[in-house]
Each structure stands twice: as C-alpha cells, then as structure tokens.
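Trainee: Structure of the sequence below:
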Amino acid sequence: MKHLIQPLAWGVTLASILAAASALALSLATPMAAAATAAPHHLHSAQEALPVSAGHATDAALREGMSRVRDALQSAGRAPDDQAAAVLAGEIEAAGAYLVANCRLPEAADTTLHGVLGNLLGAADRLRGPGAPRDAALRQARSALARYQQLFDAPHWR
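Mentor: Model (predicted):
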C-alpha cells in the first residue's frame, strides 16, 4: 500500500509547491503589469489589467478546475469562519495546482487564465489566518470567477 500512497503524496506536494511558486510569480507580475499600463493620473485594478479578449476555448482540465473553485465557494457560503476559510483557501490552491499541472491551452488563452488564476490564488492567500479580511477575499474570488465566465467559452456554467 505504501508504494501506492507515497508517489501520490509526492505528486500532491509537488503540485502544491508549483501552485505556490506560480502564485508568487503572478502576485509579483500582476501589479507591475497594471502599473506599467496605467495612466499616471489613474491607476487601474489588477482585474481591469487582464486581457479583454473573450471567447477563449476551454479544455476538460480548465472546466474541471474552475468548477472545483466554483463549488468550493458555493459550499463555503457568505461568511465562513476561520476553519472554513482555511479549507476554502486550500481547495482554491489545490484547484490552481490541478490547473497548472493539467491545463493545455493556446498561448493567448493561457496568458488570460494566468491573470484569473493569480486573482484566485491571491484571494486564497487573503483567506488564511484568524481575522483575515474574508469579505474582500471572497469578493475577489467571486470576481475572478465572473471574469473567467466573461473571457472563456464556458458552456458548462450556463
């Protein structure tokens, strides 16, 4: 049994590390990209800095991963306590790791997905810890899901 569980545990660990590294890279790149494109007198949010082209095709992994995030948010409800918020953050991060490992999209769609995924992983970070600003984090995650629906052809959500 150990020979079955140990490789699985390593795979999950590596996927978590990859998701954390991706989140860090995206959290560093997204504000810089927004600042670089903003007019000096008016800064735009990271959400507005995402590419605006819509109708990107999805693959099965993208549909599965984003459905996991949506289901986790619905299960968490409007005001999760500290424990439920930590569970939700873990579910978002696990879905992000799944997407990074399994999603195969054309370059333009992949770039767009990275913006959405960065917002989701940022929300997951904000959900952790006692007294974390959960309302803002939940709004950020829901906003990222709405943006996904705007930018990707997601008939499984209609």
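
Trainee: Any figure for the gap between Arg147 and Gln83?
Mentor: 28 Å (CB to CB, to the nearest Å). For every residue, glycine as well, the C-beta is placed using N, CA and C.

Trainee: Neighbour count: these two, which is higher?
Mentor: Shown here are Arg147 and Gln83; by other CB atoms under 10 Å, Arg147 has more neighbours (18 against 9).

Trainee: Spatially nearest residue to that one, not counting backbone neighbours?
Mentor: Val116 (5.6 Å; CB to CB, 6 or more residues apart in numbering).

Trainee: Could you report the neighbour count for the one you found?
Mentor: 26.

Trainee: again, but for Glu107
Mentor: 7.

Trainee: Report the contact partners of it.
Mentor: If you count contacts by CB atoms under 8 Å, 6 or more residues apart in numbering, Glu107 has none.

Trainee: would you list every one of the helices in this structure?
Mentor: For the chain, the helices defined by DSSP state H occupy 2-37, 46-49, 60-76, 82-102, 107-127, 134-151.

Trainee: close enough to count as contact, the residue nearest to Arg147 and Tyr148?
Mentor: Yes. Using CB atoms under 8 Å, Val116 is in contact with Tyr148, at 5.0 Å.

Trainee: in the protein, which ranges drop under the pLDDT threshold?
Mentor: Along the chain, segments meeting pLDDT under 70 span 1-53, 129-130, 132, 158.

Trainee: ok, 90 please
Mentor: Residues of the chain that meet the criterion pLDDT under 90 lie in 1-55, 76-83, 128-134, 153-158.

Trainee: mind checking how far the nearest residue to Pro80 once chain neighbours are set aside is from Ser75?
Mentor: In this structure, Pro80 finds its nearest non-sequential neighbour in Leu88, 6.0 Å apart by CB to CB, 6+ apart. To Ser75, Leu88 is 8 Å away according to CB to CB.

Trainee: Next: Ala144.
Mentor: 17 Å.

Trainee: The two: which is more packed in?
Mentor: The residue with more neighbours, out of Ala144 and Ser75, is Ala144; 25 against 12, by other CB under 10 Å.
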